[in-house]
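Trainee: prediction below, plus the sequence it came from.
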Amino acid sequence: MNITVTKLKRCDLLKLEGRFDSNTAPELDQAMNDSMDDGVFRIVLDMQDVEYFGSAAIRALVNAYKSCRETTGGDVRLAAVPDRIMHVLELAGIAPLVEIFETPTLAVGSF
Amino acid sequence: MNITVTKLKRCDLLKLEGRFDSNTAPELDQAMNDSMDDGVFRIVLDMQDVEYFGSAAIRALVNAYKSCRETTGGDVRLAAVPDRIMHVLELAGIAPLVEIFETPTLAVGSF
Amino acid sequence: MAVEYELCVKSSTQNLAAIAEFVAERAREAGLDDDSIFDIQIAVDEACTNTIEHAYATRSDQTLRVCCSVQDQEFVIRITDYGTPFDPDSIPEPDLEAPMEERSIGGLGVFFMRRLMDSVEFSTHAYRGNQVVMRKRFVPNDVDSTQ
Amino acid sequence: MAVEYELCVKSSTQNLAAIAEFVAERAREAGLDDDSIFDIQIAVDEACTNTIEHAYATRSDQTLRVCCSVQDQEFVIRITDYGTPFDPDSIPEPDLEAPMEERSIGGLGVFFMRRLMDSVEFSTHAYRGNQVVMRKRFVPNDVDSTQ
Ligand SMILES: Nc1ncnc2c1ncn2[C@@H]1O[C@H](COP(=O)(O)OP(=O)(O)O)[C@@H](O)[C@H]1O
Ligand SMILES: Nc1ncnc2c1ncn2[C@@H]1O[C@H](COP(=O)(O)OP(=O)(O)O)[C@@H](O)[C@H]1O
C-alpha cells in the first residue's frame, strides 16, 4: 500500500497503490484528513493501481466525501477506477454518487 | 498528425500526436485560436506523442503564448515533452520561457 | 472430502494481505477464474476483519484459522475464531439507496460476504469456536475430479 | 562516390512527411544513430520548407529534389530547387536571448540547419538551379567501407 500526495493549484491529487483493507485504510483516512487540515477540500483519488478496496476503505472514502462536501466547492472525485474496484463500489451503492473520471487529468481538470 | 481537444474547468487540454511541420502547424495554430475564440486563454499542450515539432510549430506556439499571456491568468503550458522535442525547444531558446510539466495532470493542475 | 489447506495466524489486520494471498493461491490451484477469486478475497477479507474487530475486539494476539477446500463443485472457506459469538440475524441490511450524506458508516462487511459468495453460514460451538463457512460454486476442470 | 539516392516530389508541404521518411531511411541504412537522424530530419524539413515558402513562394506544382549520399565519413543531403535564388548572408541570426514577448516570428529555419548539421552550403547555378548541401559527420560501420 502506498499513497503519493501531489498538491495542485485547485486540489490535492492522491495516487493510491496496492491493497486498501482494514489494516491500511486508516492511512487513506489519515491522508485525506491531512489534506482537509491543510484547508484543501477538493481531493482526487487516482485509483489506477489499487488492487483491493474493502469496506474499511469505502468507509474512509464516504467520511471524507461527506466532510469535503460540507464546504463550498469541496468534493472527493475518483479517477481511473479498475473494473473490479468499480464492481465493489457499485455493490456498495456509492458508484452513482461519487463523480468518477476516466483519467486523473480529467478529474483534476474538473475542479 | 492529430489534435484532441478536451475542455476542462480551468483550461483546454490539447493532446498533440504525430508530426507538426510547416504542413500541419496551421492546424495547431487553428486549434489554439479556437480555444481563444472560445474565451479560453489557458492552454495545456500534451506533447507526449509528438514525433516532430519544427520551426513552424514553434512559431504557432510562440504566437499563442503571447496572445494568452496578454490576458490575466492566461498562459500556454507544455506537458510530457519527449527528449528530442525538448532539445529542439532548447535550441530555439524557448524551453526556459515556457512552463513545462512532467505530466498533463500536473500541467492541468497548475491552472 | 478432498485435501483441506489451513492457514493459522494471529488476529492482526496486518495478516489480512497474507490471508488474501493464501486463499487466492488455493482458489487458483482449484481452477477458479480471476473474477471469482477476487470475490472470494473480498468476502474472506471482510469476514476476517469482522472476527478481529468484533469477535476479538481488536486484540491482535488471538488465533485466526482459515481453511480452504474443494467440495463437489464448490470452493469452501471456513474461518474459525474463539472470541465472542455472533448472531448474524441481529444485524440490519445496509440502506444502499440512501444519499451518501446520510449513509451510516459501516455495515457493508456482512452484506459483501452474502452478495459475493453463494452461501455464508455462521455457527458457534462450545470448543470448536465460532465459524463462518462460505461457499463459491465453480466448474472444476481438474482431471482427477470425482465428478 | 558511393550510390546517391534521389527523391523527386512536387513543392507541396504535404510532401514533407514523405521527404522526412525517405531521408531517415537512407540515414538508417548508412548506420547513423537515432539522434543524428532526428537532427537531419529537422534540417531537411526546414530547408525544404524554405524552398517551398520562399524560393517557390508557396507554389506547390514545382519540383523539389532531395538526394542523399555517403561521402567519406559524412552523410550528405543535397536539396535542389529551380525558384528564386537566395543569398543566405542577407539574413540575420535570430535573437535567442530576447524575452518570448519580443521574439520575432520566424527566422529559426536556417539557424536550425546550421546548428544541427556540420556544414550547410547554399549555391545557385544557371541551369542546375539553387542547391543547399548539408553534411553530417558520422562513424560508418559499413564492412566494405573504403576508409
Ligand atoms: N464475526 C463477528 N463477531 C461479532 N460481531 C460481528 C461479527 N461480524 C459482524 N458483527 C457485527 O455485525 C455488524 C455488521 O458487520 P459488518 O456488516 O461487517 O459491518 P461493520 O463491521 O463495518 O460494522 C458489526 O458492526 C458487528 O456488530
Ligand atoms: N530557400 C530559400 N529561398 C529564398 N529565401 C530564403 C530561403 N531560405 C530562407 N530564405 C529567407 O531567409 C529568411 C529566414 O529563413 P528562416 O531562418 O528559415 O526563417 P523563416 O522561414 O521562418 O522566416 C526567410 O524569411 C527568407 O526571406
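Mentor: Ah, there it is. Numbers count the residues shown, from 1 in each chain, chains lettered A, B, ... in the order given. Ligands and ions are numbered 1, 2, ... in the order given.

Trainee: contacting residues around residue 49?
Mentor: Just so you know, I chose chain A. Going by C-beta atoms under 8 Å, 6 or more residues apart in numbering or on different chains, A:D49 touches A:15-18. C-betas here are computed from N, CA, C, even on glycine.

Trainee: sorry, I should have been clearer: chain C.
Mentor: Per C-beta under 8 Å, 6+ apart, neighbours of C:T49: A:21-22, A:54-56, C:13, C:16, C:109.

Trainee: reformat those as JSON lines; add secondary structure, pLDDT and neighbour count.
Mentor: Below are the contacts of C:T49 laid out as JSON lines (DSSP: H, G, I helix; E, B strand; the rest coil; pLDDT from 0 to 100; neighbours: other C-beta atoms under 10 Å in any protein chain shown):
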{"residue": "A:D21", "secondary structure": "coil", "pLDDT": "96", "neighbour count": "27"}
{"residue": "A:S22", "secondary structure": "coil", "pLDDT": "95", "neighbour count": "21"}
{"residue": "A:G54", "secondary structure": "coil", "pLDDT": "95", "neighbour count": "25"}
{"residue": "A:S55", "secondary structure": "helix", "pLDDT": "94", "neighbour count": "27"}
{"residue": "A:A56", "secondary structure": "helix", "pLDDT": "95", "neighbour count": "26"}
{"residue": "C:T13", "secondary structure": "helix", "pLDDT": "96", "neighbour count": "21"}
{"residue": "C:L16", "secondary structure": "helix", "pLDDT": "97", "neighbour count": "26"}
{"residue": "C:G109", "secondary structure": "helix", "pLDDT": "92", "neighbour count": "25"}
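
Trainee: which single one of those residues is nearest to chain D?
Mentor: Proximity of those to chain D, judged by C-beta to the nearest C-beta, is greatest for A:D21, which lies at 46.2 Å.

Trainee: with adjacent residues omitted, what lies nearest to the most centrally placed residue in chain C?
Mentor: Centroid-nearest residue in chain C: C:V44, 3.1 Å away (criterion: C-alpha atoms, centre = their mean). Using C-beta to C-beta, 6 or more residues apart in numbering or on different chains and skipping residues adjacent in sequence, the residue nearest C:V44 is C:V23, 5.1 Å away.

Trainee: gap between C:E53 and ligand 2?
Mentor: According to C-beta to the nearest ligand atom, to the nearest Å, C:E53 and ligand 2 sit 70 Å apart.

Trainee: now swap in A:M1 and tell me
Mentor: 53 Å.

Trainee: please name the residues that touch that residue.
Mentor: Listed by C-beta under 8 Å, 6+ apart, the contact partners of A:M1 are A:16-20, A:24, A:27.

Trainee: re earlier: packing partners of the helix or strand the residue nearest to C:V44 falls within?
Mentor: Element membership for C:V23 (DSSP states H and E) is helix C:16-30. Identification of packing neighbours for helix C:16-30 by 3 or more C-beta pairs under 8 Å, 6 or more residues apart in numbering or on different chains; DSSP states H and E yields strand A:12-20, strand C:4-10, helix C:34-50, strand C:63-71, strand C:74-81.

Trainee: show me what contacts C:I79?
Mentor: C:44, C:47-48, C:51, C:64-67, C:131-134.

Trainee: and if we set it to 7 Å?
Mentor: C:47-48, C:51, C:65-66, C:131-132 (C-beta atoms under 7 Å, 6 or more residues apart in numbering or on different chains).
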